[in-house]
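A.B. asks: Provided below for reference: sequence and predicted model.
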Amino acid sequence: MKRQGRVFLPRACVPAAVLLSALWLTACGSNNDSNLTPQPAAPTLVTETFTGTIGQNAIMVHPFSVTSSGTLMTGYTALSPTSVTALGLGIAVWDAATQSCGLNISQNDAARSGNTGLTGTPSPGYFCVRAYDGGNVPAGVAVSYTLQVQHY
C-alpha cells in the first residue's frame, strides 16, 4: 500500500531492514584509529660537501653534526692536480667548546677520489672530517680537494 510521499514496508520486512541498517552503521563507524597514531619520520640523508687546499704534511678540518643514528660515508670527489692520486681522510669527534678535532676514530691514509674512503655507524653527535697529507703530496705542491660526507 502506498501513500503520497511515503513508502510502507510490509511488517515482515521491518526486522530485516533494521538488522541491515545496524550492520551497515557498525561497519561504517569502525573505531580503528591506527591511522591516527603518529608514525616516526624516517631519517633524512644529509650530504655535506667540503673543499680546501693542503700542501705537504698539512691538515684541514671540517666539523659537522649527525642527528640520527645510521650509516656515515665519506670520500673525495675531486683531487687536483691529478698527479696526486690520494690524500689521507679521517673521522673524529668535534669539540665545539675548544673548536678542535680529536684523535681519528677511523682513518684512511690513501683515500682516492671517486671512492668511499671511510664508512661507519655513528650515534648522533658532533664530528669532524680531517683531510691530510698521508705521504702522497710532494714538496711545493698544493692539492685542492672536494670531499663529501653523507650521514643521517
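C.D. replies: Sure thing, it's come through. Numbering: from 1, shown residues only.
A.B. asks: going by C-alpha atoms from here, please, whenever you check contacts or count neighbours.
C.D. replies: Will do.
A.B. asks: quick check: nearest residue in space to the residue nearest the centre of the chain, chain neighbours excluded?
C.D. replies: Central residue of the chain (CA atoms, centre = their mean): Leu45, 2.3 Å from the mean position. Leaving out its chain neighbours, the residue that sits closest to Leu45 by CA to CA, 6 or more residues apart in numbering is Tyr152, at 4.8 Å.
A.B. asks: I'd say that neighbour and Met73 touch.
C.D. replies: No: counting by CA atoms under 8 Å, Tyr152 stays clear of Met73, with 10.2 Å between them.
A.B. asks: of those two, who's got more company?
C.D. replies: Tyr152 (20 against 16; other CA atoms under 10 Å).
A.B. asks: hang on, the earlier thing: contact partners for the residue nearest to the centre of the chain?
C.D. replies: Gln150, His151, Tyr152 (CA atoms under 8 Å, 6 or more residues apart in numbering).
A.B. asks: tell me, how many residues neighbour the second one?
C.D. replies: Neighbour count of His151, defined by other CA under 10 Å: 26.
A.B. asks: for stretch 85-99, buried residues please.
C.D. replies: Within stretch 85-99, the residues that count as buried by 16 or more other CA atoms under 10 Å are Ala86, Leu87, Gly88, Leu89, Gly90, Ile91, Ala92, Val93, Trp94.
A.B. asks: any idea of the mean pLDDT for that stretch?
C.D. replies: Taken as a whole, stretch 85-99 has an average pLDDT of 96.
A.B. asks: contacts for it?
C.D. replies: By CA under 8 Å, 6+ apart, the residues outside stretch 85-99 that reach it are 63-64, 75, 79, 100-113, 117-118, 126-137.
A.B. asks: which one among the buried residues of stretch 85-99 gets closest to Gly55?
C.D. replies: Closest approach to Gly55 among the buried residues of stretch 85-99 (CA to CA): Leu87, at 10.5 Å.
A.B. asks: let's verify that closest one: helix, strand, or coil?
C.D. replies: strand (DSSP: H, G, I helix; E, B strand; the rest coil).
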